[in-house]
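Visitor: Here is my input, please return the structure:
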Amino acid sequence: MANRCTLKKPERISAQKEIDRLFTQGDVFISYPLRIVYLKQKPFSGVPVSILVSVSKKKFKRAVKRNRMKRLMREAYRLNKSSLVDYCREKEIGFLIAFLFIGNELFEWGTIEKAMQKAIDMIKEKSE
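Guide: As a prediction, the model looks like this:
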């Protein structure tokens, strides 16, 4: 693949059945300010990793702030996902992952990216 830094529709979890399965059977850990829920599975579609990004309305009343945090989280994942995707292809596994924002204030790009990198490393480490 020429450009692997994309985040297309099949890479996002949208089916309610998958979301329910992820939150009932998934494992949880925190990489502050993110709470990660992940579920290891056999990749049955062409996409090894599917994600969900969420920011609570309780934390940020204004949609502008919620959307900014979601954009930062998606961008941090998009730029750092290649190591996780390579790992999944090598091990022939797949993941459903939910990134939930649990911080109380807006964070800068650097903080979100570090938390995302740590989360991706922890997912790989815990799945072995």
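Visitor: which secondary element of this structure has the worst mean pLDDT?
Guide: Sorted by mean pLDDT, DSSP states H and E, the helices and strands of the chain end with helix 82-91, the least confident at a mean of 91.
Visitor: which outside residues touch it?
Guide: Defining contact as C-beta atoms under 8 Å, 6 or more residues apart in numbering, one finds that helix 82-91 is touched by 4, 5, 43, 48, 49, 94, 95, 120, 123, 124, 127. Glycine gets a C-beta too; all of them are placed from N, C-alpha and C.
Visitor: repeat that for 6 Å
Guide: Contact with helix 82-91 is made by 4, 48, 49, 94, 120, 124, as judged by C-beta atoms under 6 Å, 6 or more residues apart in numbering.
Visitor: try stretch 11-27
Guide: 37, 38, 39, 47, 50, 52, 96, 98.
Visitor: Leaving out chain neighbours, which residue sits closest to residue 34?
Guide: Of all residues beyond its chain neighbours, the one nearest residue 34 is residue 115 (4.9 Å), with distances taken as C-beta to C-beta, 6 or more residues apart in numbering.
Visitor: so is the one you found in a helix, a strand, or just coil?
Guide: Look at residue 115: counting by DSSP: H, G, I helix; E, B strand; the rest coil, its state is helix.
Visitor: Can you report how many residues lie near it?
Guide: When neighbours are counted by other C-beta atoms under 10 Å, residue 115 registers 22.
Visitor: how close does it get to residue 35?
Guide: As judged by C-beta to C-beta, to the nearest Å, residue 115 and residue 35 stand 10 Å apart.
Visitor: cool, and residue 107?
Guide: Taken as C-beta to C-beta, the spacing of residue 107 relative to residue 35 amounts to 14 Å.
Visitor: Neighbour count for these two, which is higher?
Guide: residue 107 (20 against 17).
Visitor: Local confidence estimate at that one?
Guide: Reading off the per-residue confidence, residue 107 sits at a pLDDT of 94.
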